[in-house]
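# Only the shape, not the letters, is given here:
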């Protein structure tokens, strides 16, 4: 019988090793024949992941490596990447080093002189590996050579960012990122009884940016062929080499993302052509994805040209987009099944908070939904698209891995059972979805609401809104998963709080017009969306409007501070983690929304979107938490706000985390328990007194 006692749910229960919710299976990878699926997991709930292999013919799932035996604490991550070889061996990355697991499970090191290895893949021939070591691109054929070939060498500030194989395995197409002229900053802090000074590459608005270019090099090495764009500081959103190796495409945009351009290059001559270009002065999300059409006629383009992110066929340069899908819903990502002329994609057509897998013919037409369970499906397709590994989760179920045939009405086969037995013995929060309407423009939004056991909507419960952020409406365990906030949500719900994650503008899935209100509107449109959510829920009796708290981190911290500063008395309390208080120190990419450092209005525009300049309105309870090693949102910005609040005679609490970076709740479980414990105690005192 599940437990119903709130007081026995502790942070030690929620955030310990082994984890009560188990270990998330990651890294799914198919063998070349599509008959075996490898993935990284720990079947005992510990953090150290080993390799597991599922065989489709026998239906058996076995553990391939046992490097995690005895690793029952210390939060070691274990194996982080893997790649199949046609021999049946599996290469993998552990602690930045490369190893090989033979079919019998024995392990041997590869490329001992190379460290900081990432992005491990197998070439199309199945006997060659590619990976990035530090900043260099390397290739290794384990059966033939003991030392990797460095096919493109990097340096301290110039290196390979990503790459992909050519169809025949003879070449590698890659992105080189050059940070030579990008700003370098130093962050000084004290931690572990020592003074530290760390250096980071970190641009601010108006700075010189990372310069990127596309290169093509032989998998045996040799001279690199470069494909330059008019402005190397423009972003690269995708790139690819045609199956015949004759053409390269690069999907690109300027910093503001208002103009999307797809360049194509003739490999033989190096000639560049603008294949597609579109300008949208109000664009705020770069959700583009591009691929070569499998029949060799042009490109498949995911874009919101029709108002929602949908698939289009673009046959010729400068031609018209031919819609392949349509409707008031959006596609998140897609894959091309070339042999069968079909496209597979994930989308929110069934519900704004869900992601299902669908299929459509290359010619367009009827769309077939392939997944049925309500929740979030993350597919990894087999090479022949006969099946997929489906990482699935919903509001009541931590992520599990399933195998499903890629045909309508196919029953998924569960491969993992992650949560500990204690998970099933507890009453977890019930989750509901509640629509609300914007008071600004009448747009429809939705909130994910977690309810305490035995909840009754009588208007008496305290409510906590958070963690607030964009893209937070997800029907999966814990909702938005950037922080391990599933545990604090469950802890608060068990103690009688209604916990709410509101949809806000700037999020995926509702279309171009729905999002446009966010342009130049940090701390304005977003906090109105949150307030409209609170008003709707309190009017429906979900909570006492006098006992509502708000919290978020990073951009969520900005929204928390702006809400308290600009709406005094609306919330009883706010908790701001690593709050982005000053958009002059944001990443330049935030210019998508806040605008660039240009135009006569930019100083006023930046001040309007920076919490630092609105602090005079604070009258409610506030706690700020920030790590001193944070290079994403500077601790110095919190100090500037603290000085201002003191000068204004404002009362607040500050929690400093020595030597902690931006992910203050993820550094280790001890810190997770402490930080969420402070958050919970703050709201207990502020909302239950």
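Everything's here; your move. Computed from a predicted model, the values in this text were never measured in an experiment. Residues are numbered from 1 along each chain as shown.

# which residues in the stretch 101-250 of the chain form helices?
Assigned by DSSP state H, counting those that start in this stretch, the stretch 101-250 of the chain shows no helices.

# Next up, the contacts around residue 218.
151, 170-172 (C-beta atoms under 8 Å, 6 or more residues apart in numbering). All C-beta atoms are positioned from the backbone trio N, CA, C, and that covers glycine.

# so how far is the longest helix along the chain off the chain centroid?
Counting residues, the longest helix in the chain under DSSP state H turns out to be helix 669-688. In terms of C-alpha atoms, centre = their mean, to the nearest Å, the gap separating the centre of helix 669-688 from the centre of its chain is 25 Å.

# which other residues reach that helix?
So helix 669-688 is in contact with 11-12, 15-17, 75, 462, 464, 484-485, 487-488, 491-492, 495, 497, 547-549, 551, 572-573, 575, 577, 621, 623, 625, 653, 655, 657, 660, 664-666, going by C-beta under 8 Å, 6+ apart.

# swap in stretch 143-154?
87, 111, 113-114, 127, 131, 133-140, 160, 172, 174, 176, 215, 217-222, 224.

# Show the buried residues in the residues you listed.
111, 114, 127, 131, 133-140, 160, 172, 174, 176, 215, 217-219, 224 (16 or more other C-beta atoms under 10 Å).

# can you put the contacts of residue 218 in CSV and add pLDDT and distance to residue 211?
Below are the contacts of residue 218 laid out as CSV (pLDDT from 0 to 100; distance: C-beta to C-beta, whole Å):
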residue, pLDDT, distance to residue 211
151, 98, 21
170, 98, 28
171, 98, 23
172, 98, 20
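
# Buried members of those into ChimeraX, please.
Buried members of these, defined by 16+ other C-beta under 10 Å, are picked up in ChimeraX with:
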select :151,171,172
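
# Just the buried subset of the contacts of helix 669-688, please.
11, 15, 17, 462, 464, 484-485, 487-488, 491-492, 495, 497, 547-549, 551, 572-573, 575, 577, 621, 623, 625, 655, 657, 660, 664-665.

# thinking again about what came up before, next step: the contacts of helix 669-688 restricted to strands.
464, 548-549, 551, 573, 575, 577, 621, 623, 625, 653, 655, 657 (DSSP state E).

# which two from those end up farthest apart in space?
The span of the ones in strands among the contacts of helix 669-688, defined through C-beta to C-beta, is set by 548 and 657 at 26.3 Å.

# just to revisit the earlier point, inside strands: which ones of the contacts of stretch 143-154?
Those of the contacts of stretch 143-154 lying in strands (DSSP E): 131, 133, 136-140, 160, 172, 174, 176, 215, 217-218.

# of all those residues, which comes closest to residue 254?
Of the ones in strands among the contacts of stretch 143-154, the one sitting nearest to residue 254 (C-beta to C-beta) turns out to be residue 176, at 19.4 Å.

# now that closest one: how far from residue 203?
17 Å (C-beta to C-beta, to the nearest Å).

# give the contact list for residue 209.
Here residue 209 is in contact with 182, 203, 233, 255, 588 (C-beta under 8 Å, 6+ apart).

# For residue 574, give the beta-bridge partners.
residue 550, residue 622 (DSSP bridges).

# List the buried residues of stretch 455-464.
Buried, per 16+ other C-beta under 10 Å, within stretch 455-464: 455, 461-464.

# Looking at the contacts of residue 218, which one is closest to residue 265?
residue 171 (13.7 Å).

# Number of residues surrounding the closest residue to residue 397 other than its chain neighbours?
Once flanking residues are discounted, residue 397 sits nearest to residue 477: 5.9 Å by C-beta to C-beta, 6 or more residues apart in numbering. Neighbours of residue 477 under the rule other C-beta atoms under 10 Å: 23.

# Tell me which helix or strand residue 477 sits in.
Counting by DSSP states H and E, no helix or strand carries residue 477.

# That one touches residue 396, doesn't it?
Yes - if you go by C-beta atoms under 8 Å, residue 477 and residue 396 touch, sitting 7.4 Å apart.

# where does this structure dip in pLDDT?
Along the chain, segments meeting pLDDT under 70 span 1-7, 482.

# ok, which stretches of it are helices?
11-14, 486-494, 512-515, 525-539, 555-566, 591-594, 602-608, 635-647, 669-688.

# so how far is residue 340 from the residue nearest to residue 397?
From residue 477 to residue 340 the distance is 34 Å (C-beta to C-beta).

# Can you list the buried residues in the longest helix of the chain?
For helix 669-688, by 16+ other C-beta under 10 Å, it's 669, 671-676, 678-680, 682-684, 686-687.

# what is the orientation angle of it with strand 653-657?
Taking axes from the mean of the first three to the mean of the last three C-alpha atoms, to 10 degrees, one finds helix 669-688 and strand 653-657 inclined to each other by 170 degrees.

# Show me the strands in the stretch 351-500 of the chain, by range?
Assigned strands in the stretch 351-500 of the chain, in chain order: 356-361, 368-369, 376-381, 387-394, 397-405, 413-414, 430-437, 444-451, 463-465, 498-502 (criterion: DSSP state E, counting those that start in this stretch).

# could those strands be laid out in CSV, adding distance to residue 539?
Output for the strands of the stretch 351-500 of the chain, formatted as CSV (distance: least, C-beta to C-beta, whole Å):
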stretch, distance to residue 539
strand 356-361, 32
strand 368-369, 35
strand 376-381, 30
strand 387-394, 28
strand 397-405, 31
strand 413-414, 41
strand 430-437, 10
strand 444-451, 13
strand 463-465, 12
strand 498-502, 14
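
# Can you say which of those strands is nearest to residue 23?
Of these, the one closest to residue 23 (C-beta to C-beta) turns out to be strand 397-405, at 9.2 Å.

# Mind giving me the packing neighbours of the closest one?
strand 36-41, strand 387-394, strand 413-414 (3 or more C-beta pairs under 8 Å, 6 or more residues apart in numbering; DSSP states H and E).

# swap the cut-off to 6 Å and go again
Under the contact definition 3 or more C-beta pairs under 6 Å, 6 or more residues apart in numbering; DSSP states H and E, strand 397-405 sits against strand 387-394.

# okay, the angle between the strand it packs on and strand 36-41?
Using the same axes, to 10 degrees: strand 387-394 against strand 36-41 is 30 degrees.

# Sheet partners, orientation included, of strand 387-394?
strand 376-381 (antiparallel), strand 397-405 (antiparallel).
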